[in-house]
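Chemist: quick one, structure for this:
(chains A, B, C and D)
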Protein chains: 2
Amino acid sequence: MAKSDSLHHFQGIDVSQAGSASSIVFETLKQAIITGELKDGTPLKQEELAKKFSTSRIPIRESINRLEQEGLVKTIRYKGAVVASISLKEVEEMFDLRALMEREVMLKAVPNLTDDQIDEAEKYCLEFASAKTSGDWTDTNRKLHHALFQASDMTFHLSVLNTIYDRTERYLRAQLSFSNGADRAVDEHHTLIELCRAKDAAGAAELMFQHVKHAKRSLLEFLPPDSK
Amino acid sequence: MAKSDSLHHFQGIDVSQAGSASSIVFETLKQAIITGELKDGTPLKQEELAKKFSTSRIPIRESINRLEQEGLVKTIRYKGAVVASISLKEVEEMFDLRALMEREVMLKAVPNLTDDQIDEAEKYCLEFASAKTSGDWTDTNRKLHHALFQASDMTFHLSVLNTIYDRTERYLRAQLSFSNGADRAVDEHHTLIELCRAKDAAGAAELMFQHVKHAKRSLLEFLPPDSK
DNA sequence: TTATTGTAGATTGGATCCAATATTGTTAGG
DNA sequence: CCTAACAATATTGGATCCAATCTACAATAA
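Modeler: Numbering: from 1, shown residues only, chains lettered A, B, ... in the order given. Below you'll find the predicted structure:
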């Protein structure tokens, strides 16, 4: 039954899911892998991790299972789990798919965007432009994209996009701490916001497509030409 | 008591044969959900499943975790897991994404297709046309698409497509056992093969796009207009 | 020397037990 | 008759122990 509506602020906060040891370990490890704190190939030993988290091996095992299902780790029976690496070809594929999907998402999002949402996006756009660390960069970039995408109401597309972000973020970070080739991205972001304000869905979609293709290109020329 | 006997299929499946218990349980449950043997909302009780598979609850728990990560079940802490249902909106989204991706995949696959691969696809095309059960239908359909897609060498795209197939197959089956609206699909498949032989990548890609959109439309008009 | 075999340690996979929590049914009180 | 507190039961979450398997390294024989 619908309880008093004055509590609707808490929509989406699920305490019961937050508490389990498995979830905490899972989220922590996931973040560590995404950010690159745990580098490709790092072995994830259950006993060792159990000590670090002060739990038994059970929640560790479940976390590793879930991480494997998301493609972030690779395990071999009786041998152990390591942080999964990603091939150059897969990076290309993921960016190509991102470009394709983000174009489509923008097409649907722009007509629905409220002024507030655009303002929020612009805020992240500015934060992005003045971000110092590669972590801030990827964070605000994700927030910016997310703010624009929300209006599309394409939850499945967004979940796929999120797994792509998760699996490529550490490489983006590595790139950005060497070359600061974010200048073009800043310009593109500003133009993107303008097109959104003008409700030019087709234009915004096409720019987003190119924007992702540009990001792909600059990442590829940074990555070692034969990375596995 | 009236225990749910929707799980009686698993009688006699024992772990001691090969592979890890978890993997066996996982694959078996996954197939049962995909095919619709286990219907939406069916509760997956750990103890009950443990008995059916003659193992402890541990492999069951791991399987349920992995299934949840793939979106096939939904669990609530201390409450249990149920086979996940899918909203009409998500079905639409998944088919839209399929159309988008399969067009792209065909575009890359056609130039690389060998005569052998096309022959194989045509074989499935014929099997598909004479398939009797909805299970045969979805099986050969998957094989046909897979045979054509292999030449694209787009492994990540294909993995995403596979999860989409996995999550929508049971609805397709349900549709096909009522309406046999596969006639149009048969025609489209034949034309598709011809375009592949003619190396008309653009044409094949566009037909594939339309083919998926048609499948979407006929599925949607079959599904209840307010399915959750 | 070299290949093979065997043993010890390390590491994951699975089973059983206990704890935490939700659900249901029951009872006391209004 | 209805509601709220409470006990009983069912079910999942986690810890500890044991089993299965892999890896390294040493010992032995050709």
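Chemist: who touches A:I60 in this structure?
Modeler: Applying CB atoms under 8 Å, 6 or more residues apart in numbering or on different chains to A:I60 gives the contacts A:V25, A:Q46, A:L49, A:A50, A:F53. No exception for glycine: its C-beta is placed from N, CA and C like everyone else's.
Chemist: got the phi and psi for it?
Modeler: A:I60 adopts backbone torsions of phi -60, psi -50, taken as degrees, to the nearest 10.
Chemist: do you know how far it is from chain B?
Modeler: 12 Å (CB to the nearest CB, to the nearest Å).
Chemist: do the same with A:L38
Modeler: Counting by CB to the nearest CB, the gap from A:L38 to chain B is 19 Å.
Chemist: interface residues of chain A facing DNA strand C?
Modeler: When proximity is defined as CB under 7 Å from any atom of the strand, chain A approaches DNA strand C at A:16, A:19, A:43-47, A:57-58, A:61, A:75, A:77-81.
Chemist: check the secondary structure at A:K74 for me.
Modeler: Secondary structure, DSSP: H, G, I helix; E, B strand; the rest coil: A:K74 is strand.
Chemist: number of residues surrounding it?
Modeler: For A:K74, the neighbour count with other CB atoms under 10 Å in any protein chain shown is 15.
Chemist: pull the longest helix from chain A.
Modeler: Taking DSSP state H as the criterion, chain A has its longest helix at helix A:155-178.
Chemist: tell me the mean pLDDT for the helix or strand that comes right after that one?
Modeler: Sequence order places helix A:183-197 as the next helix or strand after helix A:155-178, per DSSP states H and E. Across helix A:183-197, pLDDT averages out at 92.
Chemist: in helix A:183-197, which residues are buried?
Modeler: A:A185, A:E188, A:H189, A:L192, A:I193, A:L195, A:C196, A:R197 (16 or more other CB atoms under 10 Å in any protein chain shown).
Chemist: near chain B, which residues of chain A?
Modeler: Counting by CB under 8 Å from any CB of the partner chain, chain A comes close to chain B at A:16-17, A:19-20, A:22, A:61-62, A:65-66, A:69-70, A:77, A:89-90, A:93-94, A:96-97, A:100-101, A:104, A:153-157, A:160.
Chemist: give me the buried subset of the residues you listed.
Modeler: By neighbour count, with 16+ other CB under 10 Å, those hold A:22, A:61-62, A:65-66, A:69-70, A:90, A:93-94, A:96-97, A:100-101, A:104, A:154, A:156-157, A:160 as buried.
Chemist: so of these, which ones are in helices?
Modeler: A:22, A:61-62, A:65-66, A:69, A:90, A:93-94, A:96-97, A:100-101, A:104, A:156-157, A:160.
Chemist: near DNA strand D, list only the ones from those.
Modeler: For DNA strand D, the contacts drawn from these by CB under 7 Å from any atom of the strand are A:S22, A:E62.
Chemist: element containing the nearest residue to A:Y165 once chain neighbours are set aside, please.
Modeler: Of all residues not flanking A:Y165 in the chain, A:R142 sits nearest, at 6.1 Å (CB to CB, 6 or more residues apart in numbering or on different chains). Per DSSP H and E, A:R142 falls inside helix A:134-149.
Chemist: so what's the gap between that helix and the chain middle?
Modeler: Offset of helix A:134-149 from its chain centre (CA atoms, centre = their mean, to the nearest Å): 8 Å.
Chemist: any idea of the angle that helix forms with helix A:155-178?
Modeler: If you take axes from the mean of the first three to the mean of the last three CA atoms, to 10 degrees, helix A:134-149 sits at 150 degrees to helix A:155-178.
Chemist: what lies in contact with helix A:134-149?
Modeler: With CB under 8 Å, 6+ apart as the test, helix A:134-149 has contacts from A:35, A:102, A:105-106, A:109, A:113, A:117, A:120-121, A:124-125, A:127-128, A:131, A:158, A:161, A:165, A:169, A:172-174, A:176-177, A:182, A:185, A:189, A:192, A:196.
Chemist: next: stretch A:22-29.
Modeler: In contact with stretch A:22-29 (CB under 8 Å, 6+ apart) are residues A:17, A:38, A:44, A:49, A:53, A:55, A:58-60, A:62-64, A:66-67, B:65.
Chemist: and A:R61, what does it touch?
Modeler: Contacts here follow CB under 8 Å, 6+ apart; on that basis A:R61 touches A:Q46, B:E62.
Chemist: any idea how far B:S54 is from it?
Modeler: Using CB to CB, to the nearest Å, we find A:R61 at a distance of 21 Å from B:S54.
Chemist: tell me where chain A is predicted with low confidence.
Modeler: Counting by pLDDT under 70, chain A contains low-confidence ranges at A:1-18, A:180-181, A:225-228.
Chemist: what's the helix or strand containing A:Y124 packed up against?
Modeler: Assessed by DSSP H and E, A:Y124 sits inside helix A:115-129. On a contact count with 3 or more CB pairs under 8 Å, 6 or more residues apart in numbering or on different chains; DSSP states H and E, helix A:115-129 meets helix A:134-149, helix A:183-197.
Chemist: contact partners for the closest residue to A:F95 other than its chain neighbours?
Modeler: Residue nearest to A:F95 in three dimensions, not counting chain neighbours: A:K216, with 3.5 Å by CB to CB, 6+ apart. By CB under 8 Å, 6+ apart, the contact set of A:K216 is A:V91, A:E92, A:F95, A:D96, A:R98, A:A99.
Chemist: dihedrals phi and psi, A:K216?
Modeler: Main-chain torsions, A:K216, degrees, to the nearest 10: phi -60, psi -50.
Chemist: repeat that for A:F222.
Modeler: With angles defined as degrees, to the nearest 10, A:F222 sits at phi -90, psi -40.
Chemist: for the closest residue to it other than its chain neighbours, which residues are in contact?
Modeler: Leaving aside its sequence neighbours, A:F222 sits nearest to A:Q175 (CB to CB, 6+ apart; 4.3 Å). Residues near A:Q175 by CB under 8 Å, 6+ apart: A:G181, A:S218, A:L219, A:F222, A:L223.
Chemist: same check, this time on A:T191
Modeler: Here A:T191 is in contact with A:L207 (criterion: CB under 8 Å, 6+ apart).
Chemist: list the contacts of stretch A:73-88.
Modeler: Taking CB under 8 Å, 6+ apart as the rule, stretch A:73-88 contacts A:33, A:38-45, A:64, A:67-68, A:71-72, A:167-168, A:171, A:220, A:223, A:225-228, B:20.
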